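Q: sequence and predicted structure are below.
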Amino acid sequence: MLLTGALPVLSFPAANLEWLAWFGLVPGLVLIVRSPSAREGGVRAWWLGAGYLIAALYWLAPEIGPAVLLVGAVVGVLWVPFGVAAACLLRPPVTWPRALAALVVVPSCWLLTEWLRSWQALGGPWAVFGVSQWQHPAVLALAAVGGMWLISIALVMANVAIILFIGSLPRGASILSPAAPSRDQTHPQPAARLRPGLAVLGVAAGLASVGAGPLAFALTPASPAVRQVTVALVQPGIINNAAQRTDASEQLTAELSRSGQLSKVKPDLIVWGESSTAVDLTLAKNRAQLAEMEALARQDGADLLVNQDTKIPGKGQEKVGVLISPSGIRGEYIKTRLVPFGEYIPFRQQLGWLTKISRAAAANMIPGTGAHLLQATDRSGQPLPIGVLICFESAFPDMSRVDTDLGAQLIVYQSATPTFQGTWGPDQHASLGAVRAAETGRPVVQAALTGVTAAFDARGRLLAWMSQSQHGVVTVRLGLPATSAKTIYDRLGDYVPWAATAIVIVAALLMFANSRGFPGRSAGADGNDEAQYVTGQSVPR
């Protein structure tokens with residue numbers, strides 16, 4: 001089960017086998033359906049979930065050590081309802097009511113798992129299944145309708161549809177049958193036979209899942225662009241010394257105004273990565289550093305968005321996006337959603353020992369108060385409202401949606417992942433921008449210190465990608481929608497996971513009621529039982 005849970009992770013970057021997501025859950029579902037009981041199905045799903053998380057987060061091992069296994073073991077329990085639902089509804093012979101219920105309930109159980117673990121205290125929404133489709137704008141169109149949650153629903157439904165099709169075949173039904181009879185199964189199963197109706201249902205559900213994205217893409221065109229802006233993203237590369245890192249970013253930025261290959265580029269906004277400076281630019285003692293950045297903004301004719309990683313006396317460490325114009329600081333944003341174990345340790349009193357065996361945070365950072373806009377100015381002097389978020393916050397759809405509701409025309413992420421260079425982590429992180437763009441209908445850019453730096457248009461299409469091994473400046477021309485433009489997901493929010501939660505609750509109540517027996521349903525024989533008579537006793541009239 002651990003291995004079957006790890007298999008779908010290959011659909012994420014950097015493996016990028018995104019097509020695998022459409023059937024990668026099938027091996028795990030087969031083993032769950034073969035469980036001798038619903039309880040065993042839930043336990044197997046727990047292991048599947050643990051394997052999924054451990055494989056998706058393996059690159060965190062140098063930073064948090066054995067906590068990767070701890071996360072997998074603890075958070076994996078959230079997959080238990082998924083296993084119970086699959087074991088109960090997909091075990092052959094599948095009736096039509098159970099088949100239809102499986103197409104709705106099983107994906108809802110998976111989505112409930114993803115939504116619950118999206119709570120920051122449980123690690124946040126990393127490796128949500130739907131994000132695996134970040135390279136396919138036609139599928140990402142579902143995110144504009146129901147967020148990344150709706151893509152996950154489509155993927156899991158496709159996997160369930162395959163199980164239904166397998167179960168419709170004579171040999172397939174035997175493959176899915178439990179290896180040992182469950183306790184309540186006192187009679188042998190009827191002989192497996194071809195079930196064309198169930199096969200048609202499986203094929204139809206699979207086609208609907210695959211076709212939902214392209215249909216949404218055709219029916220929900222992107223909001224028209226009302227203006228064009230050019231954004232320059234600066235990636236200095238791996239430089240451990242903070243002062244040298246700032247110098248490298250300054251030198252690359254200066255290339256925009258000097259003669260050379262970048263001299264013809266006239267950006268409206270220049271973005272540096274997370275932790276691009278280690279001094280507090282608001283303090284008088286650092287006025288010289290601020291003056292240099294103001295001069296850069298003046299020379300290049302564009303506001304400069306930097307990021308300071310500093311310790312505030314009497315408070316603690318915090319990361320701040322700082323918008324600098326030729327005349328000074330125009331606004332700040334303090335990182336709100338912190339990285340578990342990397343920037344704070346949840347339940348530090350109980351888990352503080354991790355700092356002794358790993359590079360987990362020695363002290364908790366100070367979080368900000370939430371998302372808000374920064375008002376930049378483009379080269380023509382027009383206001384450019386941008387939603388600025390920092391690194392891990394790209395995993396949270398609610399934060400970019402708040403910025404959009406406030407009137408952001410562009411979503412900007414500042415990132416730094418030097419600890420995880422050479423792993424799948426930075427690529428997974430950059431792929432989130434495509435989903436955030438599709439959800440909000442806003443272009444998304446990410447500037448990173450060490451890669452990946454990336455840019456996506458308002459439908460999530462990739463425009464620029466500077467890999468982990470590269471350094472330099474990448475510029476991109478973006479079409480911005482009106483501040484009032486909204487996607488369906490912008491307007492309705494997380495209605496998909498709320499609906500999934502309601503479906504799971506109703507299904508759980510029905511299962512509990514059936515196990516107790518509704519009045520009028522507990523008498524008589526069900527579809528798999530035969531009436532039993534005892535010799536010598538009369539049948540009541």
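A: Cool, the structure landed.
Q: what residues does the residue most central in space within the chain make contact with?
A: Nearest residue to the geometric centre of the chain (C-alpha atoms, centre = their mean): residue 128, 3.8 Å. Residues in contact with residue 128 (C-beta atoms under 8 Å, 6 or more residues apart in numbering) are 114, 118, 148-149, 152. To be clear about C-beta, it is placed using only N, CA and C from the backbone, and glycine gets the same treatment.
Q: of those, grab the buried ones for ChimeraX.
A: Those of these that count as buried under 16 or more other C-beta atoms under 10 Å are selected in ChimeraX with:
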select :114,118,148,149,152
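Q: which residues in the stretch 151-300 of the chain form helices?
A: For the stretch 151-300 of the chain, applying DSSP state H, counting those that start in this stretch gives helices covering 170-176, 196-219, 242-254, 287-300.
Q: nearest to residue 393, of the ones you listed?
A: helix 242-254 (20.9 Å; C-beta to C-beta).
Q: quick one: that closest one to chain centroid distance?
A: Put simply, helix 242-254 sits 32 Å off its chain's centre (C-alpha atoms, centre = their mean, to the nearest Å).
Q: need the residues that contact stretch 209-222.
A: Contacts of stretch 209-222 (C-beta under 8 Å, 6+ apart): 22, 133, 136-142, 144-145, 151, 154-155, 157-158, 161, 441, 458-459, 481, 487-488.
Q: least confident of the contacts of residue 128?
A: Across the contacts of residue 128, the smallest pLDDT goes to residue 118, namely 90.
Q: not counting its neighbours along the chain, what's nearest that residue?
A: residue 125 (3.7 Å; C-beta to C-beta, 6 or more residues apart in numbering).
Q: kindly report the same for residue 500.
A: Per C-beta to C-beta, 6+ apart, closest to residue 500 is residue 108, 3.9 Å.
Q: and residue 133, by the same measure?
A: residue 139 is the one closest to residue 133 (C-beta to C-beta, 6+ apart), at 4.2 Å.
Q: any idea which helix or strand carries that neighbour?
A: helix 137-168 (DSSP states H and E).
Q: try residue 480
A: Residue 480 is part of strand 472-481, with elements assigned from DSSP H and E.
Q: the chain: strands as residue ranges?
A: 225-235, 269-271, 303-312, 316-325, 328-334, 373-377, 383-390, 410-415, 444-448, 453-456, 462-466, 472-481 (DSSP state E).
Q: grab the nearest non-local neighbour of residue 281.
A: Going by C-beta to C-beta, 6+ apart, residue 281 has residue 290 as its nearest residue, at 4.7 Å.
Q: quick one: that neighbour and residue 325 touch, right?
A: No: contact between residue 290 and residue 325 fails when scored by C-beta atoms under 8 Å: they sit 11.2 Å apart.
Q: and these two? which has more neighbours close in?
A: residue 290 (21 against 17; other C-beta atoms under 10 Å).
Q: can you check the pLDDT for the more buried one?
A: 94.
Q: and it, what does it touch?
A: By C-beta under 8 Å, 6+ apart, the neighbours of residue 290 are 281, 324, 328-329.
Q: circling back: hmm, who's touching the strand holding residue 480?
A: Against strand 472-481 from outside (C-beta under 8 Å, 6+ apart): 222-235, 252-253, 255-256, 262, 265, 267, 409-410, 441-443, 445, 453, 455, 457-458, 463-464, 466.
Q: what subset of those residues is buried?
A: 222-223, 225, 229-235, 252-253, 255-256, 262, 265, 267, 409-410, 441-443, 445, 453, 455, 457-458, 463-464, 466.
Q: tell me which helix or strand of the chain sits lowest on mean pLDDT?
A: helix 348-351 (a mean of 70; mean pLDDT, DSSP states H and E).
Q: burial check on residue 276, number of neighbours?
A: 27.
Q: show me the contacts for it.
A: 234, 236, 245-246, 249, 306-308, 414, 416, 449.
Q: export those residues as TSV, with columns for distance to residue 357 and pLDDT.
A: Rendered in TSV, the data for the contacts of residue 276 read as follows (distance: C-beta to C-beta, whole Å; pLDDT from 0 to 100):
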residue	distance to residue 357	pLDDT
234	36	94
236	32	92
245	28	82
246	33	87
249	34	89
306	34	96
307	30	94
308	30	93
414	30	96
416	24	90
449	27	91
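Q: can you redo the residues you listed as a markdown table with distance to residue 215?
A: Formatted as a markdown table, the contacts of residue 276 follow (distance: C-beta to C-beta, whole Å):
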| residue | distance to residue 215 |
| --- | --- |
| 234 | 40 |
| 236 | 43 |
| 245 | 47 |
| 246 | 49 |
| 249 | 44 |
| 306 | 43 |
| 307 | 40 |
| 308 | 46 |
| 414 | 36 |
| 416 | 39 |
| 449 | 40 |
